[in-house]
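> Just to be clear, the model below is a prediction. Sequence and coordinates:
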Amino acid sequence: MFIALFLGMPLAIGQWKGPRPVRWLCTVYVEFFRGTPVLVQLLFLYFGLPTIGLAMPGWLTALIGLGLNYAAYESQVYRAALEAIPRGQWEASYLLGMSPLLAFRRIILPQAFRIALPPMTNDFVSLFKDTSTAYAISVWELATAYRELANASGQFLLLGVAVSLYYLAMSLPMAHLARRLERRLQRRDAVEAVESEVAK
């Protein structure tokens, strides 16, 4: 997810405000990674790259592959959030003497973050579940353990329930934390609105 967050914002800005060649490159990246299955991307990285001398262990391939894939999705979340900020916010920032970079950092980005937070949380939970695709490149993870233990014991139902509970136990706290953060941001917005009215 850190890879996705790190790459997602430059992709979003490049596609949103970049010059034509940059917009084109960002769009190609996004459409490729969103338009092909993540399983195919992992297989390509794991089996295809060694043919040009770029062999990586399975766990690193999964880490990079999932990060590159979700960066495309995160970029669209950020781009939509940035485009949702009214143009007047930029103009007001310039009237206050802010540079474009300072206006982006202090005015635009915090508002865009509030808009992007719910879909970012959904992507985080989805990414966690998509780690199960790493079984295809010989990475030992929860779905691999389920398949091998169930094949050995025949307890497909019992082990399936247990594995599902493990996934829930790890993903639900993340969703709960995100909801708490959303509520905290909403309360802060409400307090700032009241203070603004009082100041008027």
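Perfect, I can see it now.
> Mean confidence (pLDDT) on the strand or helix carrying Ser126, please.
When elements are assigned from DSSP states H and E, Ser126 belongs to helix 109-130. Averaged across helix 109-130, pLDDT comes to 85.
> Going by neighbour count, which residues in that helix are buried?
Under the neighbour-count criterion of 16 or more other CB atoms under 10 Å, helix 109-130 has 109, 111-112, 115-117, 119-121, 123-125, 127, 130 buried. (Glycine included, C-beta is placed from N, CA and C.)
> relative orientation of the single longest helix found in the chain and helix 109-130 in degrees?
Taking DSSP state H as the criterion, the chain has its longest helix at helix 156-199. Helix 156-199 runs at 180 degrees relative to helix 109-130, counting by axes from the mean of the first three to the mean of the last three CA atoms, to 10 degrees.
> please renumber so the chain begins at 306
Right, with 306 as the first residue, what we last looked at is helix 461-504.
> Find the nearest non-adjacent residue to the one residue sitting closest to the centre of the chain, please.
The chain has Glu379 as the residue nearest its centroid, 4.2 Å off, counting by CA atoms, centre = their mean. Among residues not flanking Glu379 along the chain, Gly313 sits closest, at 3.1 Å (CB to CB, 6 or more residues apart in numbering).
> Under the pLDDT cut-off, which ranges of this protein? List them.
By pLDDT under 70, the low-scoring segments of the chain are 494-505.
> Tell me how it divides into domains.
Domain segmentation of the chain under automatic domain parsing yields 306-436, 445-505.
> how far away is the closest residue in space to Ala483 that isn't next to it in sequence from Met306?
Among residues not flanking Ala483 along the chain, Thr426 sits closest, at 3.6 Å (CB to CB, 6+ apart). Distance of Thr426 to Met306, computed by CB to CB, to the nearest Å: 11 Å.
> Over to Arg339?
Counting by CB to CB, the separation of Arg339 from Met306 is 17 Å.
> in whichever helix or strand comes after the helix holding Ser431, what's buried?
Next helix or strand after helix 414-435 toward the C-terminus (DSSP H and E): helix 447-458. Applying a neighbour-count criterion of 16+ other CB under 10 Å, one finds 447-448, 451, 454-455 buried in helix 447-458.
> With respect to Leu473, which of these is nearest?
Nearest to Leu473, judged by CB to CB, of these is Leu447 at 11.8 Å.
> Looking at Arg339 and Met306, which has the bigger crowd around it?
Met306 (17 against 14; other CB atoms under 10 Å).
> so which strand or helix has the residue nearest to Glu379?
Short version, using DSSP H and E: Gly313 is in helix 307-322.
> elements contacting that helix?
helix 325-340, helix 363-388 (3 or more CB pairs under 8 Å, 6 or more residues apart in numbering; DSSP states H and E).
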